[in-house]
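Visitor: got a sequence here, can you model it:
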Amino acid sequence: MPRPDPNASDWSDLDLLTVTEATERLTDELAEVRARIAGLTGEPGAGDELAAYRRREDLLERAMDRALRPRGAIPGLPPSRRTEK
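Guide: As a prediction, the model looks like this:
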């Protein structure tokens, strides 16, 4: 088997996360965004920035929900039959 070229671009260059690692990062980022929202709340002239952070918070929450969703779920089936076999 030929030796791999150490200068070649390949998939090993990508940062592939486990679900646990991804949810840890989401949790950390959510905490940062929520702290920023708390700091901006009530601050004059922060409306646009506050709206952007709230939108980011919503997107992070949705990502967390997707990450925590059971794998193999099949939408539209009763809960007792949702996982693939």
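Visitor: where does pLDDT dip in the chain?
Guide: 1-2, 4-15, 72-85 (pLDDT under 70).
Visitor: now the helices: where do they sit in it?
Guide: For the chain, the helices defined by DSSP state H occupy 19-40, 47-68.
Visitor: need those in TSV with distance to residue 3, can you?
Guide: (Glycine included, C-beta is placed from N, CA and C.) What follows is the helices of the chain, written out as TSV (distance: least, C-beta to C-beta, whole Å):
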stretch	distance to residue 3
helix 19-40	30
helix 47-68	37
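Visitor: okay, those in JSON lines with mean neighbour count next?
Guide: Formatted as JSON lines, those follow (neighbours: other C-beta atoms under 10 Å):
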{"stretch": "helix 19-40", "mean neighbour count": "14"}
{"stretch": "helix 47-68", "mean neighbour count": "13"}
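Visitor: was I right to think residue 33 contacts residue 58?
Guide: No: when contacts are counted by C-beta atoms under 8 Å, residue 33 is not listed as touching residue 58 (9.8 Å).
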